[in-house]
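S.K.: Model the structure of this input:
(one chain, ligands or ions: 1)
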Amino acid sequence: MNTPHPVSVLDSFHLTGARALVTGASRGIGRAVAEALAEAGADLALSARTEAALEETARAVEAHGRKAVLVPADLAQSGSAQRVADAASSALGGLDVLVHNAGVLPVTEDGTPALLPLQQLPQQAWDDVISVNVNATAALCRATHPYLTESQQASVVLMSSIAGLVGTPLMESYAASKAAQVSLARSLAAGWARQGIRVNALCPGWTRTDMTSFAYGTAAVSDWLMAHVPMGRWAEPAEVATAALFLASPASSFVTGHALVVDGGLAVPDGGLAGIPKPPSPFAA
Ligand SMILES: NC(=O)c1ccc[n+]([C@@H]2O[C@H](COP(=O)([O-])OP(=O)(O)OC[C@H]3O[C@@H](n4cnc5c(N)ncnc54)[C@H](OP(=O)(O)O)[C@@H]3O)[C@@H](O)[C@H]2O)c1
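M.R.: Numbering: from 1, shown residues only. Purely as a prediction, here's the structure:
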C-alpha cells in the first residue's frame, strides 16, 4: 500500500516480483523502460501495435531472467485499453505498475510529423493525437484501476513531455495532450492516494527515438533544437527509463502527483543570460 520501505536505499529501487504493464514497448523510450523494469526484477506485459517489435523487447526482458507477455493492441481503438489491462493482469496474476508510454505526434497523410500551426492543422490530425495521447490514457487508467487497488505497491507513470509544461508552437495538439496527462496524473494522485495508488507524470525533453528522427536526422534542425537545451545534447531513452524506474519503484514511495522533468535543462528559464548562441530557426516562415 505504498508504505515506507523497510529496506536499504538501493534496494528501494528494486521491483522484485512486481507485475508491470508498459505500453509503447515496441521501441524507443518504452522499450528502454521495459528493460529497466526487468533489470529491477519486474515481470512485464508489453503492449504496442507491432508484434514483431514487441517480441524483440520480450527477448531483452527475458535476458534479465524475467517473464514477458505480449498484449498487442491499437490503443486508438475503443475497447482496446480494457482488453490490454485485462490480458496483462490475467497473464501476470495482477498488476502493480502501469507505465503508459504509447504516444504520437500529429502526422500528415503520408505519416510524417505535421509541424503546423494550429490554424493549419486538419481536425483529423488533432483528433488522432487526442485519441491516443489523452483518451487512451484515461481508458487505461480506468481499466487498470481495479487491479492496482489490489496491489501493495501500486504506481502509475504517465509518459508526458516537457511539451506539456511549456508553450510548444507547431505542436499545439501534442502539447495540449501532454498537458492533459500531467493534469490527469495530479487529479488521479489526489483521488487514488487513499487507495494506495501513486500516480505521476514523466516529462522528457528531446530524446533520440524514431519519433524524433525527423529532427535529429537533419543537422540544421538538430543544431537549432540543441541550442535551446542547456546541456546541449539529445537524451538517450535509457536516461528517461531510469527516471521511470524511480517513479515506478518504492524509491519514490512518498511521491505522487508529481511531473518529473528530464530535459537537460530545456525548461529552465535562463533569461538569455546563459549566452548560448542560437542559430536562426529552420522553422521560420
Ligand atoms: N522522443 C522524445 O523526444 C519524447 C519527448 C517527450 C516525450 N516523449 C513521449 O514518450 C513516449 C514514447 O515516445 P518515443 O519517442 O519512444 O516514440 P516512438 O519511438 O515513436 O514510440 C512510440 C511507441 O508508442 C506506440 N504506439 C504509437 N501509437 C500507438 C497506438 N495507436 N496504439 C498502441 N501503441 C502505439 C508505438 O508502437 P507501435 O508503432 O508498434 O504501435 C511505440 O512503441 C511518447 O508518449 C512520447 O510522446 C517522447
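S.K.: rest of the way, CA atoms for contacts and neighbours
M.R.: Will do.
S.K.: Please name the bridge partners of S155.
M.R.: On the basis of DSSP bridges, S155 takes part in beta bridges with V97, R198.
S.K.: And stretch 9-22, end to end?
M.R.: 25 Å (Cα to Cα, to the nearest Å).
S.K.: Quick one: mean pLDDT over it.
M.R.: This predicted structure assigns stretch 9-22 an average pLDDT of 97.
S.K.: Could you confirm whether that stretch reaches the ligand?
M.R.: No - applying Cα under 6 Å from any ligand atom, one finds stretch 9-22 out of contact with the ligand, separated by at least 9.4 Å.
S.K.: Whatever helix or strand A238 lives in near the ligand anywhere?
M.R.: Under the assignment given by DSSP states H and E, the secondary-structure element containing A238 is helix 237-248. No - in this structure, helix 237-248 remains apart from the ligand according to Cα under 6 Å from any ligand atom; the gap is never smaller than 7.3 Å.
S.K.: gap between that helix and the chain center?
M.R.: The chain centroid and the centroid of helix 237-248 are separated by 9 Å under Cα atoms, centre = their mean, to the nearest Å.
S.K.: Show me what it is packed up against.
M.R.: In this structure, helix 237-248 makes packing contacts with helix 28-39, strand 97-100, strand 154-159, strand 197-204, strand 259-262, judged by 3 or more Cα pairs under 8 Å, 6 or more residues apart in numbering; DSSP states H and E.
S.K.: possible to save these as a markdown table with distance to L75 and mean pLDDT?
M.R.: As requested, the helices and strands packed on helix 237-248 are exported to a markdown table (distance: least, Cα to Cα, whole Å; pLDDT from 0 to 100):
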| stretch | distance to L75 | mean pLDDT |
| --- | --- | --- |
| helix 28-39 | 15 | 98 |
| strand 97-100 | 11 | 98 |
| strand 154-159 | 15 | 99 |
| strand 197-204 | 19 | 98 |
| strand 259-262 | 23 | 98 |
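S.K.: Output the ones you listed in CSV, with mean neighbour count and distance to Y174 appended to each entry.
M.R.: Formatted as CSV, the helices and strands packed on helix 237-248 follow (neighbours: other Cα atoms under 10 Å; distance: least, Cα to Cα, whole Å):
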stretch, mean neighbour count, distance to Y174
helix 28-39, 26, 17
strand 97-100, 27, 16
strand 154-159, 28, 12
strand 197-204, 28, 13
strand 259-262, 21, 17
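S.K.: want to throw these into a markdown table with distance to the ligand?
M.R.: Output for those, formatted as a markdown table (distance: least, Cα to the nearest ligand atom, whole Å):
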| stretch | distance to the ligand |
| --- | --- |
| helix 28-39 | 4 |
| strand 97-100 | 8 |
| strand 154-159 | 5 |
| strand 197-204 | 4 |
| strand 259-262 | 9 |
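S.K.: and the angle from the helix holding A238 to strand 197-204?
M.R.: With axes from the mean of the first three to the mean of the last three Cα atoms, to 10 degrees defining the directions, helix 237-248 sits at 160 degrees from strand 197-204.
S.K.: Return the residues in contact with V104.
M.R.: For V104, the contacting residues are 129, 132-133, 174, 211, by Cα atoms under 8 Å, 6 or more residues apart in numbering.
S.K.: R186 now?
M.R.: With contacts defined as Cα under 8 Å, 6+ apart, R186 is in contact with 199-200, 256-258.
S.K.: so where is the stretch 1-150 of the chain shaky, pLDDT-wise?
M.R.: For the stretch 1-150 of the chain, applying pLDDT under 70 flags the ranges 1-6.
S.K.: and G264, what is it in contact with?
M.R.: G264 makes contacts with 205, 229-233, 235, as judged by Cα under 8 Å, 6+ apart.
S.K.: For A274, see how far away it is.
M.R.: Note on G264: its distance to A274, by Cα to Cα, is 14 Å.
S.K.: Show me what from the stretch 51-200 of the chain comes close to the ligand.
M.R.: 73-76, 101-104, 132, 159-161.
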